[in-house]
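> give me the fold of what follows.
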Amino acid sequence: MGRIRRLVLDTLKPHDPTIIELAQLLSELPGVEAVNISIYEMDRKVENAKITIEGSNLGFDAISSIIADNGGAIHSIDEVVAGKIIIDDASTPQDPYQG
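You can find the predicted model right below:
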């Protein structure tokens, strides 16, 4: 199977651990080279977070376990890049106008 190079996850997490602590935990996993966590919605008890992880060979089970063990849940997998290199999306006529 091809190696997973990038995952973008839509997650729900409690306020504790902080995104700093969660990013540090995720970055310690084998194959992980970078973690980016952005909060896009917050209420009294939880935060909706976009988690982007890049690396040479990401283990989805280990990543999802860290999130779950810290009280979080994955709502959806919004992007996956697998293979020898990372490619970014190419624009297509179906994409919304970004002018």
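> and the helices in the protein?
Residue ranges of the helices in the chain, as given by DSSP state H, are 19-27, 60-69.
> distance to Ala49 and mean pLDDT for those helices - can I get that in JSON lines?
Where C-beta positions appear, they are placed from N, C-alpha and C, glycine not excepted. JSON lines is the format used below for the helices of the chain (distance: least, CB to CB, whole Å; pLDDT from 0 to 100):
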{"stretch": "helix 19-27", "distance to Ala49": "7", "mean pLDDT": "98"}
{"stretch": "helix 60-69", "distance to Ala49": "9", "mean pLDDT": "98"}
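> could I get the ones you listed as TSV with mean neighbour count and distance to Ser38?
Compiled in TSV, the helices of the chain are given as follows (neighbours: other CB atoms under 10 Å; distance: least, CB to CB, whole Å):
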stretch	mean neighbour count	distance to Ser38
helix 19-27	15	8
helix 60-69	14	15
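> just give the nearest non-adjacent residue to Ser64, would you?
With sequence-adjacent residues excluded and distances taken as CB to CB, 6 or more residues apart in numbering, Ser64 is closest to Ile74, at 5.9 Å.
> and for the closest residue to Lys50 other than its chain neighbours, the neighbour number?
Among residues not flanking Lys50 along the chain, Ser38 sits closest, at 4.8 Å (CB to CB, 6+ apart). Residues near Ser38, counting by other CB atoms under 10 Å, number 10.
> tell me how far Ser38 lies from Glu21.
Distance of Ser38 to Glu21, given as CB to CB, to the nearest Å: 15 Å.
> please apply the same query to Gly2.
Summarising the geometry, the distance separating Gly2 from Glu21, computed by CB to CB, is 31 Å.
> go on, Ile37?
The spacing between Ile37 and Glu21, counted by CB to CB, is 10 Å.
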